[in-house]
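Q: below: sequence and its predicted model.
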Amino acid sequence: MIDQLPSFAPMLAARRADGSEPTDVYTALAAELARGGTHAAKGRAAFIRDQCAGFGGKAVFAKYRDAWGFPKGDAVTLADFRRGFLYRFRDSGDAALRAWFLAAPEARAVRRYERWSSDAGFPQCVAVHEGSYEELEAVLRSGAA
């Protein structure tokens, strides 16, 4: 749904790994979502506006994350978002989570890929890649992560 909005592509094009892009692309997308009519769309608009204003958006995220189509559990948390969109993807080797990342329009906003492993007996980040979704997707598909 979100990928069908006219302001989605400009927002993706403006998105930077360092977060230096202007917030106007996000507020434009939030305005489109607010006109969407569904509670989930209006909640997402509020989440985007909250995060752009420097607030966490914890309550809104907790209420709507399932309706927005994010994986359940700890695979995607509030800490993985910036300006209302997924910024970081933490890959623990879960095939279903990788499939979601490669198919979900929401994942196109990701600018940081982290590979996590529990081989040492506890979860730890073993690789980090930053860049566009296309660059991160290529790293994931190549197995270089």
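A: Cool, got the structure.
Q: all helices for this structure, in order.
A: Ranges of helices in the chain, per DSSP state H, are 8-14, 24-34, 39-52, 58-64, 95-103, 133-142.
Q: just send those back as TSV, with mean neighbour count, distance to Tyr113 and mean pLDDT too.
A: No exception for glycine: its C-beta is placed from N, CA and C like everyone else's. Shown next, in TSV, are the helices of the chain (neighbours: other C-beta atoms under 10 Å; distance: least, C-beta to C-beta, whole Å; pLDDT from 0 to 100):
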stretch	mean neighbour count	distance to Tyr113	mean pLDDT
helix 8-14	16	16	94
helix 24-34	19	21	95
helix 39-52	21	20	95
helix 58-64	16	21	95
helix 95-103	14	9	92
helix 133-142	15	4	89
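Q: CSV for those, including distance to Thr77?
A: Formatted as CSV, those follow (distance: least, C-beta to C-beta, whole Å):
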stretch, distance to Thr77
helix 8-14, 21
helix 24-34, 20
helix 39-52, 14
helix 58-64, 9
helix 95-103, 13
helix 133-142, 18
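Q: mind checking those helices for the one nearest to Tyr87?
A: helix 39-52 (10.0 Å; C-beta to C-beta).
Q: give me the angle between the closest one and helix 24-34.
A: Going by axes from the mean of the first three to the mean of the last three C-alpha atoms, to 10 degrees, helix 39-52 is angled at 160 degrees with respect to helix 24-34.
Q: what sits up against helix 39-52?
A: Contact with helix 39-52 is made by 1-2, 23, 26-27, 29-31, 33-34, 36, 56-57, 60-61, 63-64, 67-68, 81-85, as judged by C-beta atoms under 8 Å, 6 or more residues apart in numbering.
Q: repeat that for 7 Å
A: 23, 26-27, 29-30, 33-34, 36, 57, 60-61, 63-64, 67-68, 81-84 (C-beta atoms under 7 Å, 6 or more residues apart in numbering).
Q: ok, now stretch 130-145?
A: Counting by C-beta under 7 Å, 6+ apart, 17, 91, 98, 102, 107-108, 110-113, 115, 127, 129 sit against stretch 130-145.
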